[in-house]
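Colleague: no letters, just coordinates:
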Ligand SMILES: [Zn+2]
């Protein structure tokens, strides 16, 4: 019976794997142009030429907790991927780290386990935009910590604050956000204090600062939701909190673009990272305000458009009569319609009255 379940799971997994691979290929094909990338972030289309982005925040990824027991690990059709079966009859894909993934260079090039800045890429040489897959069948997500935001990304007391500060108590668990490999685990005098930097499959790096304790070592592979350390107040810190950063090729951007820290949810599964986000002045909340503002303007324009009213000229109509019927004046009607001679009306003519 157990064998049957496993082979069924295998069959299903193999099909799902093929589908996932096809989807990835299609996405890559369709996102070659920058205009398509721009469209990807703003337009939701179900046609195959534009990637579909779910706007609804995702539930945080499932973590492997203590009650879940691994029953078996079986190979999938993709030799780089195994299927792990749990005692609650659920399963998930796990990347086989012994077999390098195709894009494995992410964990070998610019890999430095001592220097915080591993990349030597200047901002001007960064791509205009890059599409980053945050979650798919292989990549899962877990919030680093749920809590009140004490300080946002941006300029703070004339200094650049390149991360988000999330309130916690000393000893609270801090989790790896995505699957990846620990690049830095060290004590930073004066600044970050106990710091962990994890590089992820998607090319992003996440920083976890001011920890009281670090539980992982450099070069160690971690999975999303893995306990990596405990919250603290080490380094330059005025009270216990997690200093959390998100970076791409060494450049920081507002972590709130990815995560809603008050609920722990991921804002999207595919993220369009724009070069403009690497500015310390570029904040998620700003964009949000702008979005609301433009939405309000759109509504106003729509309301004005809806208020526009026309009258079709009938036999016997005069401008004076139309003006009376619509509680307006002849001069207003002339102005609205760009008419010079109000006496020249023809039957069937469309006159704007409002
Ligand atoms: Zn901070």
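Modeller: Yep, it's here. Since we're looking at a predicted model, the values are computed, not measured.
Colleague: where does pLDDT dip in the stretch 101-250 of the chain?
Modeller: For the stretch 101-250 of the chain, applying pLDDT under 70 flags the ranges 101-104, 136-138.
Colleague: now the residue of it found nearest the ion: closest residue in space, sequence neighbours ignored.
Modeller: Nearest to the ion, among the residues of the stretch 101-250 of the chain, is residue 243, at 3.4 Å (CB to the ion). For glycine as for every other residue, the C-beta is placed from the backbone atoms N, C-alpha and C. Closest residue to residue 243 apart from its sequence neighbours, by CB to CB, 6 or more residues apart in numbering: residue 209 at 3.5 Å.
Colleague: so which strand or helix has the one you found?
Modeller: Per DSSP states H and E, residue 209 falls inside strand 204-211.
Colleague: so which residues make contact with that strand?
Modeller: With CB atoms under 8 Å, 6 or more residues apart in numbering as the test, strand 204-211 has contacts from 132, 144, 163, 174, 176-178, 180, 183, 188, 191-200, 228-235, 237, 240-248, 250.
Colleague: thinking the residue of the stretch 101-250 of the chain closest to the ion is in contact with residue 156, fair?
Modeller: No. Counting by CB atoms under 8 Å, residue 243 stays clear of residue 156, with 11.7 Å between them.
Colleague: which one's more surrounded, the two?
Modeller: residue 243 (24 against 12; other CB atoms under 10 Å).
Colleague: tell me the contacts of that one?
Modeller: Here residue 243 is in contact with 163-165, 192, 207-210, 237 (CB under 8 Å, 6+ apart).
Colleague: cool, and residue 241?
Modeller: Residue 241 neighbours (CB under 8 Å, 6+ apart): 150-151, 165-168, 210, 231, 233.
Colleague: rewinding a little: C-terminal to the strand holding residue 209, what's the next element?
Modeller: strand 213-214.
Colleague: give me the beta-bridge partners of the closest residue to residue 350 other than its chain neighbours?
Modeller: Closest residue to residue 350 apart from its sequence neighbours, by CB to CB, 6+ apart: residue 310 at 5.1 Å. Per DSSP bridges, the residues bridged to residue 310 are residue 352.
Colleague: residue 310 against residue 349, yeah?
Modeller: No. Between residue 310 and residue 349 there is no contact under CB under 8 Å: 9.9 Å.
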